[in-house]
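Participant: sequence plus the predicted model coming up.
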Amino acid sequence: MTSLVSSADAPFRRNDQGELTCDGVRLADIARDHGTPTYVYSAAAVDVAFDSVDSAYAGAPHLVCFALKACSNLALAARLARRGAGVDIVSGGELFRALKAGFPSERIVFAGVGKTRQEIGEALDANILLFTVESIQEVEAISALARERGKTARVAFRVNPDVDPKTHPYVSTGLKKNKFGIGRETVLDAYRFALSLPNLDPTGIHCHIGSQLVHLDPVRDAVDRIADLVAELKGIGVPIRYIDIGGGIAIRYRDETPDGPTAIASHVIGRAREFGATILMEPGRFLVGNAGILLTEVVYTKENGSKKFVVVDAAMNDLIRPSLYDAYHEIVTVSPPSGEENLVDIVGPVCESGDFLAHDRSFPPVASGDLLAVLSAGAYGFVMSSNYNARPRAAEVVVAGGTARVTRQRESYEDLIRGEVV
Ligand code: LLP
């Protein structure tokens, strides 16, 4: 297995001395200046990832909407907004963040199975581009709230195309048994119903079948099913102007060789062209996943019988993916690795056996004070962190143009009790 840090164009790679850097800035310097645990992101890597998706669809009207849930860091979001990205939000809080980051409202799409009336109202007030709608009750609510405001809401039903995305069950969303979207058999009725409601423009169609899709054929199949629907919708007087193909483009965590953004682009462009529709997409992980790491320091090493443990200062509250999904994240030493490797568990200080970053990992000898980097942590990393065990959340640092800047301060103990009363 080749390490993610060994490729010459990797944002996190070793300098001539073998020390790990982020775009030339030593991670050891970042740890010295800002402490650990700290998320470190490469702005250049985010740019490169965004450009690769954007250029794959350059031949057609399209908008790449960053799925903010993957990483809601304001500095990175603002950077994407300046680069021309749109944004895919799933809550009123994400709407607030998206507007703060500078995304123009006409580049905001709002997904989610349980949008509250308050959240819908906020999005209508902001004049967002499109609501992706997941139920009949929701479309009624949007119509009523739009009417109160004298506005017209653009909506797209999220169709559950019932294709198997072949990914982890927790991040698979396009099957009938999942809570998402509305079934293929009821779609036409749903659009007919939407047409009958006031203050609604049912102008789009949406699907998102899952995340970390190493192969994108299932997305192509889903898009085909949706494109067929678009033809039927035209027949009943619903001209579809937006086809939203969702997110799901995978990254490499270990030894995967994922399909890149170009894999199905020409097919999707061809299908959208049949209807003169604008293509929307919602990549999250692909834009930020390999652009971020979690920098952590070894606190202790210990052995229980034959088992060896490396206890670090980052825990499941900082990065929950290993505990929650048994997800694999490559972990490397920040200093040049040396010495014979042993099998170790890399664990955090939280009082749970499920608090681990790696199990039975072949790892070089490390000692208290050594720094480690948990790779591919830019997506669903910080955003899923918590204060469990009253642990302040980590700092976030963005490296851009050879400079490391704290874009979110480490939380303080005072932050932990903000808003509480005794
Ligand atoms: N659009 C919709 C409607 C979504 O539900 C999602 C992700 C995306 C776009 C972005 O998907 P992406 O391009 O990042 O695959 N916490 C899990 C991932 C949950 C994904 C939820 N929805 C993880 O850590 O793997």
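Facilitator: Ah, there it is.

Participant: who does the longest strand seen in the chain pair up with?
Facilitator: Of all the elements of type strand in the chain, the one with the most residues (DSSP state E) is strand 292-304. For strand 292-304, sheet partners with direction are given as strand 38-42 (antiparallel), strand 307-312 (antiparallel), strand 371-374 (antiparallel), following DSSP bridges.

Participant: ok, is whichever helix or strand Val46 is part of in contact with the ligand or not?
Facilitator: Here Val46 sits within helix 43-56, counting by DSSP states H and E. No. Applying CB under 6 Å from any ligand atom, one finds that helix 43-56 is not in contact with the ligand, the shortest distance being 10.0 Å. Any C-beta I mention is one placed from the backbone N, CA and C, and that applies to glycine too.

Participant: check the gap between the spatially closest residue to Ala315 that is not a sequence neighbour and the ligand for me.
Facilitator: Using CB to CB, 6 or more residues apart in numbering and skipping residues adjacent in sequence, the residue nearest Ala315 is Gly348, 2.6 Å away. Using CB to the nearest ligand atom, to the nearest Å, we find Gly348 at a distance of 17 Å from the ligand.

Participant: for Lys166, same thing?
Facilitator: With distances taken as CB to the nearest ligand atom, Lys166 is found 13 Å from the ligand.

Participant: I'd like to know how many residues surround the residue of the stretch 301-422 of the chain found nearest the ligand.
Facilitator: Distances from the stretch 301-422 of the chain to the ligand, computed as CB to the nearest ligand atom, single out Tyr380 as the nearest residue at 3.1 Å. Here the count is done by other CB atoms under 10 Å, and Tyr380 has 25 residues near it.

Participant: who are the contact partners of it?
Facilitator: Lys69, Ala70, Cys71, Gly284, Arg285, Gly289, Arg321 (CB atoms under 8 Å, 6 or more residues apart in numbering).

Participant: ok, now Ser335?
Facilitator: When the contact criterion is CB under 8 Å, 6+ apart, the partners of Ser335 are Gly18, Glu19, Leu20, Ala28, Asp370, Leu371.

Participant: thinking again about what came up before, out of the strands paired with strand 292-304, which one sits most buried?
Facilitator: Among the strands paired with strand 292-304, strand 38-42 has the highest mean neighbour count (mean count of other CB atoms under 10 Å), at a mean of 27.

Participant: so which residues make contact with that one?
Facilitator: For strand 38-42, using CB under 8 Å, 6+ apart, the contacting residues are 11-12, 22-23, 27, 30-31, 71, 73, 76, 288, 291-295, 373, 377-378, 381-382, 394-399, 404, 410.

Participant: quick revisit: in helices only, show me the contacts of Tyr380.
Facilitator: Among the contacts of Tyr380, the members found in helices (DSSP state H) are Arg285, Arg321.

Participant: the ligand versus the closest residue to Thr21 other than its chain neighbours, what's the distance?
Facilitator: Counting by CB to CB, 6+ apart, the nearest residue to Thr21 once its immediate chain neighbours are dropped is Asn15, at 5.2 Å. Using CB to the nearest ligand atom, one obtains 30 Å as the distance from Asn15 to the ligand.

Participant: Ala44 and Ala400 touch, don't they?
Facilitator: Yes. Contact status for Ala44 versus Ala400: in contact at 7.1 Å, counting by CB atoms under 8 Å.

Participant: of these two, who's got more company?
Facilitator: Ala400 (19 against 16).

Participant: can you pull the phi/psi pair for the more buried one?
Facilitator: With angles defined as degrees, to the nearest 10, Ala400 sits at phi -140, psi 140.

Participant: run through the protein and note the low-pLDDT ranges.
Facilitator: 167-177 (pLDDT under 70).

Participant: what residue lies at the spatial centre of it?
Facilitator: Most central in the chain under CA atoms, centre = their mean is Ala70, positioned 2.3 Å from the mean C-alpha point.

Participant: which helix of the protein spans the most residues?
Facilitator: For the chain, assigning by DSSP H, the longest helix comes out as helix 217-235.

Participant: contact residues of the stretch 151-300 of the chain facing the ligand?
Facilitator: The interface of the stretch 151-300 of the chain toward the ligand, taken as CB under 6 Å from any ligand atom, is made up of 171, 208, 211-212, 246-249, 282-286.

Participant: mind listing what the residue in the stretch 1-150 of the chain positioned nearest to the ligand touches?
Facilitator: Residue nearest to the ligand within the stretch 1-150 of the chain (CB to the nearest ligand atom): Ala67, separated by 3.5 Å. By CB under 8 Å, 6+ apart, Ala67 lies in contact with Asp88, Gly247, Glu282, Pro283, Gly284, Arg285.

Participant: hmm, 7 Å instead?
Facilitator: When contacts are counted by CB atoms under 7 Å, 6 or more residues apart in numbering, Ala67 touches Asp88, Gly247, Glu282, Pro283, Gly284.

Participant: adding neighbour count and distance to Ala390, write the residues you listed out as TSV.
Facilitator: What follows is the contacts of Ala67, written out as TSV (neighbours: other CB atoms under 10 Å; distance: CB to CB, whole Å):
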residue	neighbour count	distance to Ala390
Asp88	31	33
Gly247	26	33
Glu282	27	35
Pro283	27	35
Gly284	22	29
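
Participant: now, of the contacts of strand 38-42, which are buried?
Facilitator: When burial is judged by neighbour count using 16 or more other CB atoms under 10 Å, the buried members of the contacts of strand 38-42 are 11-12, 22-23, 27, 30-31, 71, 73, 76, 288, 291-295, 373, 377-378, 381-382, 394-399, 404, 410.

Participant: the spatially closest residue to Arg220 that is not a sequence neighbour: neighbour count?
Facilitator: The spatial neighbour of Arg220 that comes closest, neighbours along the chain excluded (CB to CB, 6+ apart), is Ile264 at 4.5 Å. In terms of burial, Ile264 registers 22 neighbours under the definition other CB under 10 Å.

Participant: Arg273 now?
Facilitator: The burial count assigned to Arg273 is 13, neighbours taken as other CB under 10 Å.

Participant: same question for Arg32.
Facilitator: When neighbours are defined as other CB under 10 Å, Arg32 has 11 of them.

Participant: let me see the ranges of the strands in the stretch 251-400 of the chain.
Facilitator: Counting by DSSP state E, counting those that start in this stretch, one finds strands in the stretch 251-400 of the chain at the ranges 278-281, 292-304, 307-312, 331-333, 342-347, 356-363, 371-374, 395-400.

Participant: swap that for the stretch 51-200 of the chain, sorry
Facilitator: Using DSSP E, counting those that start in this stretch, strands in the stretch 51-200 of the chain cover 62-67, 86-89, 108-110, 130-133, 153-160, 182-183, 200-206.
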